[in-house]
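Asker: below are the sequence and a predicted model for it; my questions follow.
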Amino acid sequence: MHTWDRWTAEPMTAACNAGTGHDEPPPVNGCSCGFYARYTPVPRTASAATPDLVAGAVALWGRLELHAHGMRGQHARLLALALPLTAGPKRRRVQEVADALGVPAVPARGLQAEALRHGAPIPPSMRPPDLEPNKRKAPGTPDPARLHAVGDRGRRR
């Protein structure tokens, strides 16, 4: 879920903005509410081409919903921000934001160590299995016409 809420230096509590009308605090199964986090860091270049996306380390607690590759939580606290690989305007902005929030700005390879200073990760034995290992698979039944067109690509006529 994407929201325009700004992260703060203080612990934050999730609210549901999806309009599903549930009375339970986030996260709620079947809704997109809650704070999202991955168990492992994203690739170091994942946010390199965007001015707005920044990797970071967070702590989640309260109600948790565990998934194969990450989780959603009721409460979150920002622990650190990842510095972009290359020097430039984005790297300066990330450092300025980290300074303003009072959190460290670290190289991406240092996010995991920074997170471990604040708590332990969810053990793999508690994580649900990944039932969809092929993430590039198209949803639904393939369209035979599209398969044919893709299969014909590169053939000379």
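Answerer: Sure, I can see it.

Asker: quick check: which ranges of the protein have low pLDDT?
Answerer: Scanning the chain for pLDDT under 70 picks out the ranges 1-4, 44-48, 133-157.

Asker: what's the closest non-adjacent residue to Arg127?
Answerer: Closest residue to Arg127 apart from its sequence neighbours, by C-beta to C-beta, 6 or more residues apart in numbering: Leu66 at 5.8 Å. C-beta here means a position set from N, CA and C on the backbone, and glycine is covered the same way.

Asker: so the one you found sits against Ser125, correct?
Answerer: No. Using C-beta atoms under 8 Å, Leu66 is not in contact with Ser125, being 11.2 Å away.

Asker: the two: who's more crowded?
Answerer: Between Leu66 and Ser125, counted using other C-beta atoms under 10 Å, the more crowded position is Leu66 (13 against 5).

Asker: contact partners for the more buried one?
Answerer: Ile122, Met126, Arg127, Pro128 (C-beta atoms under 8 Å, 6 or more residues apart in numbering).

Asker: who touches the closest residue to Ala98 other than its chain neighbours in this structure?
Answerer: Spatial nearest neighbour of Ala98, excluding adjacent residues (C-beta to C-beta, 6+ apart): Ala105 at 3.7 Å. Ala105 sits next to Ala80, Leu81, Ala82, Leu83, Val94, Gln95, Ala98, Asp99 when contact means C-beta under 8 Å, 6+ apart.

Asker: partners of Ala105 in the sheet?
Answerer: Beta-bridge partners of Ala105, counted by DSSP bridges, are Leu81.
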